[in-house]
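K.L.:
this one's sequence-less:
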């Protein structure tokens, strides 16, 4: 069952077309514009360009629950991503990934353990969840696992349709 | 007339659960303290997990943190 709700809000307004995730591998990443890990955007965009034609997409999820590092408006976030990193992957509107107002997308994702067996809360910005084309969560990678790491790239290649 | 706060400054490592703090420009009530933030032994992270907000703020152990005692900003006096 797909973790992607049909009413996922888009950063640019309206809702994201959930059919764009159907049958594709999706790397869901909670992002922030003012974090020491923000340069990971560059690696995420490289993954998007490398694998998009093979049935893969990154999905960026802006979140301001980590030290107020994503405090800008939707327009400011979109402009930052586009102008600084030339991102081409879809982005949701700002979501809460932890806590009592946790978005349903993350209620599903955070049940998945990481490589050390730890499930539960997202620990920090740029945590990554890999969803298979059939909607299963195949892997969880903490913030310090970079987009270009062998660990993550191998996992993506293993689930491409 | 000026407001006088009875806030005090402590090191991050001295903050206790339940403290209302100001750190890195943010204010939160600490409901959990995570040690070794992102595997760094010299850092911790304050978490407020409440009806009001879920917010995580990391800090070096020796960061100066303002602890707000009493009713947040403390009593205003003439």
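P.N.:
Okay, I see it. Source: prediction; values computed, not measured.

K.L.:
by contact count, what packs against the longest helix anywhere in chain A?
P.N.:
Scanning chain A for the helix with the most residues, using DSSP state H, yields helix A:40-51. If you count contacts as 3 or more Cβ pairs under 8 Å, 6 or more residues apart in numbering or on different chains; DSSP states H and E, helix A:40-51 packs onto strand A:25-31, strand A:56-62, helix A:150-159. (Each C-beta comes from the backbone N, C-alpha and C, glycine too.)

K.L.:
which other residues reach it?
P.N.:
A:25, A:27, A:29, A:31, A:56-58, A:60, A:81, A:84-89, A:126, A:146-148, A:153, A:156-157, A:160 (Cβ atoms under 8 Å, 6 or more residues apart in numbering or on different chains).

K.L.:
ok, residues contacting stretch B:33-53?
P.N.:
A:65, A:98-100, A:123-124, A:143-144, B:12-13, B:15, B:17, B:21, B:23, B:28-32, B:54-61.

K.L.:
PyMOL command for the buried members of those?
P.N.:
Buried subset of the contacts of stretch B:33-53, written as a PyMOL selection, criterion 16 or more other Cβ atoms under 10 Å in any protein chain shown:
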select buried, (chain A and resi 65+98+99+123+124+143) or (chain B and resi 12+15+21+23+28+29+30+54+55+56+57+58+59)
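
K.L.:
tell me which parts of chain B are close to chain A?
P.N.:
B:24-26, B:38-39, B:49-51, B:53-58 (Cβ under 8 Å from any Cβ of the partner chain).

K.L.:
farthest pair in those?
P.N.:
B:39 and B:51 (30.6 Å; Cβ to Cβ).

K.L.:
let me see the contact set for the closest residue to chain B within chain A.
P.N.:
For chain A, the residue closest to chain B is residue A:99, as judged by Cβ to the nearest Cβ, at 2.6 Å. Residue A:99 is in contact with A:65, B:49, B:53-54, counting by Cβ under 8 Å, 6+ apart.

K.L.:
in a markdown table, list these along with pLDDT and secondary structure.
P.N.:
Output for the contacts of residue A:99, formatted as a markdown table (pLDDT from 0 to 100; DSSP: H, G, I helix; E, B strand; the rest coil):
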| residue | pLDDT | secondary structure |
| --- | --- | --- |
| A:65 | 98 | coil |
| B:49 | 98 | strand |
| B:53 | 97 | coil |
| B:54 | 98 | strand |
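
K.L.:
any chance of those in TSV, with distance to residue A:5 too?
P.N.:
Formatted as TSV, these follow (distance: Cβ to Cβ, whole Å):
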residue	distance to residue A:5
A:65	19
B:49	23
B:53	23
B:54	20
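
K.L.:
what's the closest of those residues to residue A:138?
P.N.:
For the contacts of residue A:99, the nearest to residue A:138 is residue A:65 (24.6 Å; Cβ to Cβ).

K.L.:
dump the residue contacts of the closest one.
P.N.:
Residue A:65 neighbours (Cβ under 8 Å, 6+ apart): A:96-99, B:53-56.

K.L.:
ok, 7 Å please
P.N.:
A:96-98, B:54-56 (Cβ atoms under 7 Å, 6 or more residues apart in numbering or on different chains).

K.L.:
which strand residues bridge residue B:32?
P.N.:
residue B:47 (DSSP bridges).

K.L.:
next one, pLDDT for it please.
P.N.:
With respect to pLDDT, residue B:32 scores 97.
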